[in-house]
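A.B. asks: I would like the atomic coordinates for the input below:
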Amino acid sequence: MPPTKSRQAGRRPARPTYKDDRRYPKRPMVGVGAILLHRDRILMAQRGKQPLEGWWSLPGGALETGEALADAVRREVREETGLEVRPVGVLEIFERILRDARGAPEYHYVLIDYICRVTGGSLQAGDDVCRVEWVRRRDLSKLRITEGTLAVIEKAFRQRRKYR
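C.D. replies: Numbering: from 1, shown residues only. I've put the predicted structure just below:
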């Protein structure tokens, strides 16, 4: 049965369609991030593509259908940094919603950040990042870091002993 006139008036406008299914998603996407600490440094990745091109964040990306979360962390870190890692534990779960000029959710991610240990590989930027660097904790404020990421990083430094 078609909706009544009053329901039609309250309907949301149609979503724009894009080749990139991450833009204007029907549902939030699940993403994973890797927190890799070495003494007073953390591995950071500078995004080479939208969204947030040029911003620094944790290495990571979207979960693929049928992929386990831990496998996604290992794959994303390998693709973006060249390193092999072992996820040790979940540090944080949060969401990132980026809205367009009209206020519509253009990107919506539920992000799961894992503390990880490097087990091999060679550091080199790859996939959708343009740079990867071990950044000193005190130098993080000099970087343009994605919203919410600095708080997760500080939590990781405070709780690092818990994940040894």
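
A.B. asks: low-confidence ranges, the chain, go.
C.D. replies: The chain contains residues with pLDDT under 70 at 1-20.

A.B. asks: cutoff 80 now
C.D. replies: Under the criterion pLDDT under 80, the flagged ranges of the chain are 1-21, 51, 127.

A.B. asks: pull the number of nearby residues for Leu111.
C.D. replies: The burial count assigned to Leu111 is 23, neighbours taken as other Cβ atoms under 10 Å. For every residue, glycine as well, the C-beta is placed using N, CA and C.

A.B. asks: isn't it right up against Ile35?
C.D. replies: No - counting by Cβ atoms under 8 Å, Leu111 stays clear of Ile35, with 11.6 Å between them.

A.B. asks: residues of the helix ranked longest in the chain that come out buried?
C.D. replies: Counting by DSSP state H, the longest helix found in the chain is helix 69-81. Of the residues in helix 69-81, 70, 72-78, 80-81 count as buried by neighbour count, 16 or more other Cβ atoms under 10 Å.

A.B. asks: which residues sit against it?
C.D. replies: By Cβ atoms under 8 Å, 6 or more residues apart in numbering, the residues outside helix 69-81 that reach it are 30, 32-34, 36, 43, 45, 59-64, 67, 83-87, 112, 114, 116, 121, 123-129, 132.

A.B. asks: restricted to strands, list those residues.
C.D. replies: With strands defined by DSSP state E, the entries of those inside them are 30, 32-34, 43, 45, 60-62, 83-87, 112, 114, 116, 121, 129, 132.

A.B. asks: report the buried members of these.
C.D. replies: Burial of the ones in strands among the contacts of helix 69-81 was assessed by neighbour count (16+ other Cβ under 10 Å); the buried members are 30, 32-34, 43, 45, 60-61, 83, 85, 87, 112, 114, 116, 129, 132.

A.B. asks: which one of these is nearest to Phe94?
C.D. replies: Of all those, Phe94 sits closest to Ile112, with 8.7 Å by Cβ to Cβ.
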